[in-house]
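>>> Sharing a model that was predicted from the sequence below.
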Amino acid sequence: MTLKGKDIICISTSDWGSSWGSKQHLMSRLSVDNRVFYVEYQSNFLHLFKRGHWKKLLDTFGKTSKLSDKLFIYTPPFYLLPLGYYFRFVNKLNQALLYSAMMKEMKKIGFNPSIAWVYPPIAIDLVKYMKDIFLVYHCIADFSIEKKNPLRRHTTMRMEDELAKSSGLVFVLTKILYARYSKLNKNVAFFPSAVDIDLFNKIPLEQELPKDIKDIKKPIIGLVGYLDDQVLDMDILEHIGMERPYWSLVLIGPILRGSRSFSKLQKMRNVYFLGQKNHLDIPSYISSFDVCLIPYQKNKFMENVSSLKLYEYLALGKPVVSTDFSEEVRGIDDIFVAKDREDFIKFIKKALEFRNEADPIKRRKDIASKNSWDARMELVLSRFGA
């Protein structure tokens, strides 16, 4: 099978307009030679009670938007039930409702999917309705250990394993996931995160910085991504903000979960929350950073995360200070891997001292260039025999 002239349905875990990850980067590239029907995050009716979320759901409820002749974005209906990751019968009902709603939209545009590219494990009960379709499972996390609830873990693991067994091709972010799914499927490919090199190479040496960051006092210690207290080590961030009041700590991205956990940082005069930015503007913000941070928690769930921002930081030659959260960061010599919050302070000071040295900058950029989305696309095409 070649990846050309196909109709591809992508069941995503995030909205198209959210912070860009593997879903948007891959589907935007696949839509050059194929048609893509991108299904956004599956909300349920409880999301209507979340501040700021209900308006989005009501405005886009069950609608399809056309971004180009080959790329369609579909927002699932919000009447789905909660607890689909806990109870299989709930998920089966949700996926039946979603399939019915999706089919109506796809018929309107004459969309006949021959490939299903899925991210959430719950999609196993959706793709069963699709006959004569090639299934790709793109595993971006071990969802079975995301939460501590034993019922959720058991139900989710069964769906993950069933999806892996049913797929014609499985892509995984980490070597741990590769070892797990290689026992279930013979066609598994190691597929870590990457960077849009062309976009990051467009940043000029002398550029006008975005208005909301250009007047922030240097040095700027920056972080880009979802602000989530279940992912970030809040103690490290608070320690940096308190212990180095003359450093500016800049956080770019939406607060996804745990808004109360960020209240202490929000009160610090040297900490700046700049909100979510368009992915096209991210290089300009990172270029203003003196040191970039990846202060992830260290646990079993985060071991299976491949940080998208890592390669974006490196693409601009920026020094990176990260926690020791995964095998991926431990395998890169040109980043500072900190064991604790004191290590973070020490390594940030060291990174600031040597941030303009030419050789480390070149090495970081070389690492990023080998981990581009174009290179990842070559892997995808090779797996499809292109």
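Happy to help now that I have it. None of these values were measured; they are calculated from a predicted model. Residues are numbered from 1 along each chain as shown.

>>> can you list the domains in this protein?
With domains defined by automatic domain parsing, the chain comprises 7-194+373-383, 197-369.

>>> JSON lines for these, including mean pLDDT?
Below are the domains of the chain laid out as JSON lines (pLDDT from 0 to 100):
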{"stretch": "domain 7-194+373-383", "mean pLDDT": "92"}
{"stretch": "domain 197-369", "mean pLDDT": "94"}
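
>>> Can you check which of these gets nearest to residue 1?
domain 7-194+373-383 (6.5 Å; Cβ to Cβ). All C-beta spots, glycine's among them, are computed from the backbone N, C-alpha and C.

>>> so how far does the closest one reach from one end to the other?
Domain 7-194+373-383 has an end-to-end distance of 17 Å (Cα to Cα, to the nearest Å).

>>> measure residue 213 to residue 6 for me?
41 Å (Cβ to Cβ, to the nearest Å).

>>> that older thread, mind putting the domains of the chain into a markdown table with mean neighbour count?
Formatted as a markdown table, those follow (neighbours: other Cβ atoms under 10 Å):
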| stretch | mean neighbour count |
| --- | --- |
| domain 7-194+373-383 | 18 |
| domain 197-369 | 17 |
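
>>> can you redo these as TSV with distance to residue 1?
Converted to TSV, the domains of the chain look like this (distance: least, Cβ to Cβ, whole Å):
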stretch	distance to residue 1
domain 7-194+373-383	6
domain 197-369	26
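
>>> What segments of the stretch 101-250 of the chain are helices?
According to DSSP state H, counting those that start in this stretch, the stretch 101-250 of the chain carries its helices in the segments 124-127, 150-166, 175-181, 197-201, 211-214, 234-243.

>>> so which of those helices gets nearest residue 63?
Shortest distance between residue 63 and the helices of the stretch 101-250 of the chain, using Cβ to Cβ, is found for helix 124-127: 18.8 Å.

>>> who does the closest one touch, helix- and strand-wise?
helix 88-108, strand 115-118, helix 150-166 (3 or more Cβ pairs under 8 Å, 6 or more residues apart in numbering; DSSP states H and E).

>>> contacting residues around that helix?
For helix 124-127, contacts defined as Cβ atoms under 8 Å, 6 or more residues apart in numbering pick out 11, 88, 91-92, 94-96, 98-99, 116, 118, 133, 135, 159, 162-163, 166.

>>> Kindly export it (C-alpha atoms) in PDB.
This file holds the C-alpha atoms of helix 124-127, laid out as PDB (Å, rounded to 0.1, in the frame of the first residue of the first chain):
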ATOM      1  CA  ILE A 124     -10.900   0.300  19.400                       C
ATOM      2  CA  ASP A 125     -14.700   0.200  19.700                       C
ATOM      3  CA  LEU A 126     -15.000   2.800  16.900                       C
ATOM      4  CA  VAL A 127     -12.900   1.200  14.200                       C
END
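
>>> So the spatially closest residue to residue 166 that is not a sequence neighbour versus residue 80, what's the distance?
Among residues not flanking residue 166 along the chain, residue 135 sits closest, at 5.9 Å (Cβ to Cβ, 6 or more residues apart in numbering). Taking Cβ to Cβ as the measure, residue 135 falls 22 Å from residue 80.

>>> cool, residue 352 as well?
Going from residue 352 to residue 80 by Cβ to Cβ gives 48 Å.
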